[in-house]
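1. generate a structure from the sequence data that follows.
(4 chains)
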2 protein chains.
Amino acid sequence: MAESTTGGESLLFLTDEQLRKGIEAMFFAYRGFTADPDRILEGMDYGRAHHRAIHFIHRSPGTTVSNLLGILGVTKQSLNRVLRTLIEDGLVEARVGKTDKRERNLHLTAKGQDLERQLSDAQRARMRAAYRAAGPAAVQGFRTVLEAMMDPEMRRQYQSLREGEK
Amino acid sequence: MAESTTGGESLLFLTDEQLRKGIEAMFFAYRGFTADPDRILEGMDYGRAHHRAIHFIHRSPGTTVSNLLGILGVTKQSLNRVLRTLIEDGLVEARVGKTDKRERNLHLTAKGQDLERQLSDAQRARMRAAYRAAGPAAVQGFRTVLEAMMDPEMRRQYQSLREGEK
DNA sequence: AATTTACGTCAGCCTTGTTGACTTTCCAAG
DNA sequence: CTTGGAAAGTCAACAAGGCTGACGTAAATT
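-> From the prediction side, this is the model:
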């Protein structure tokens, strides 16, 4: 199925059928995306919510609780339940803020970093395999479409995490 | 598909940093992906699980319960709870199988199709906007990477839905 | 006739989300 | 210095949507 990009073909990708394919691709791919971390976490007392918290604390060490709330898009009660167990179990450390002592700056402990590594290794391995199979050009397109699909606020969050990087 | 272009550039997209960007893009984009249907369904007695059932019944009219179980990857108890309410509310019809009377062939009623239309219109609108912003080449890459990210069984499900189409 | 398959259902549990109400701590403005 | 409000934490109650296990029934298969 060679894709000769000429003329009317340029709009063919906007047909309902093409859009539905994209929708189903998102559905099935997201299942794969979460499958490996889910497998690792089952058996431990943790779930996907813990994974997400760990990921973003690792990503932005010292982030505050309300910062995390904005990124994760859940209520503080929901996040707190997750965070509490992680702190109790010694995976996350909540340091009282220096300038503003109301804030808690969140950090992963060595133990927390171990689990983070384990989880992200698995997730990256799948992503790497997919990227390798698809090739650099496809990866570029993949990220472009995903970014366009985000809500504006989410896109800001996504891009702000990108700031100050190579 | 030009592959393995020479030079270091061809592998740059496999760095951990690039992979992490992909991971976060998936996370944020999936939130956007589900946001519109979620908004429509809140207030009704339905949720994401109902949406998924409706989507795949619409996609494969006459599909059986066990078929749907395979696609959705949940237990029959979980699916049944959803399916029961949809049947009670007159959105889905379960016809006794013709050749095998143990099976139930699932169809959307007119009412069910109305809701399906509403949901998929919203979801397609977002997908369309993202596709339009990204362009045909990006869309091609998007789908390629997503497909590579699926579990083999999911990929079969995905592709089998594709069979017999233009 | 016995077994297997497809489906439905009851009961109970877990995770992870939600509201609402309330307290404590603390910064900052009046 | 007092006070308003932001940040954080906590309790309680609830809902959606997963799960397991056990059981029942009808129909197909062997």
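2. what's the helix or strand for A:Gln159?
-> Under the criterion of DSSP states H and E, A:Gln159 resides in helix A:152-162.
3. quick one: check that helix for contact with DNA strand C.
-> No - using CB under 7 Å from any atom of the strand, helix A:152-162 never reaches DNA strand C; the gap is at least 13.9 Å. C-beta: built from backbone N, CA, C; applies to glycine.
4. in chain A, where is pLDDT below threshold?
-> By pLDDT under 70, the weakly predicted segments of chain A are A:1-10, A:161-166.
5. what's the closest non-adjacent residue to whichever residue of chain A sits closest to DNA strand C?
-> Closest residue of chain A to DNA strand C, CB to the nearest atom of the strand: A:Gly47 (1.7 Å). Excluding its sequence neighbours, the residue lying closest to A:Gly47 (CB to CB, 6 or more residues apart in numbering or on different chains) is A:Leu41, at 5.9 Å.
6. how many neighbours does the one you found have?
-> Per other CB atoms under 10 Å in any protein chain shown, the neighbour tally for A:Leu41 reads 20.
7. ok, it touching A:Arg52?
-> No - counting by CB atoms under 8 Å, A:Leu41 stays clear of A:Arg52, with 11.0 Å between them.
8. coming back round to it: can you name the residues that contact the residue nearest to A:Gly47?
-> By CB atoms under 8 Å, 6 or more residues apart in numbering or on different chains, A:Leu41 lies in contact with A:Gly47, A:Arg48, A:His50, A:His51, A:Leu119.
9. A:Leu119 versus the third one, what's the distance?
-> Computed as CB to CB, to the nearest Å, the A:His50 to A:Leu119 distance reads 9 Å.
10. hey, where'd the strands end up in chain A?
-> In chain A, the strands defined using DSSP state E lie at A:92-96, A:104-108.
11. turn the ones you listed into JSON lines, including mean neighbour count.
-> What follows is the strands of chain A, written out as JSON lines (neighbours: other CB atoms under 10 Å in any protein chain shown):
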{"stretch": "strand A:92-96", "mean neighbour count": "15"}
{"stretch": "strand A:104-108", "mean neighbour count": "20"}
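12. with respect to A:Met127, which of these lies nearest?
-> strand A:104-108 (20.9 Å; CB to CB).
13. now for that closest one, which elements pack on it?
-> helix A:48-59, helix A:65-72, strand A:92-96 (3 or more CB pairs under 8 Å, 6 or more residues apart in numbering or on different chains; DSSP states H and E).
14. at 10 Å what do you get?
-> For strand A:104-108, the contact count by 3 or more CB pairs under 10 Å, 6 or more residues apart in numbering or on different chains; DSSP states H and E identifies helix A:48-59, helix A:65-72, helix A:76-88, strand A:92-96, helix A:110-134 as packing neighbours.
15. now render these as a markdown table, adding distance to DNA strand D.
-> Output for these, formatted as a markdown table (distance: least, CB to the nearest atom of the strand, whole Å):
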| stretch | distance to DNA strand D |
| --- | --- |
| helix A:48-59 | 12 |
| helix A:65-72 | 3 |
| helix A:76-88 | 4 |
| strand A:92-96 | 5 |
| helix A:110-134 | 16 |
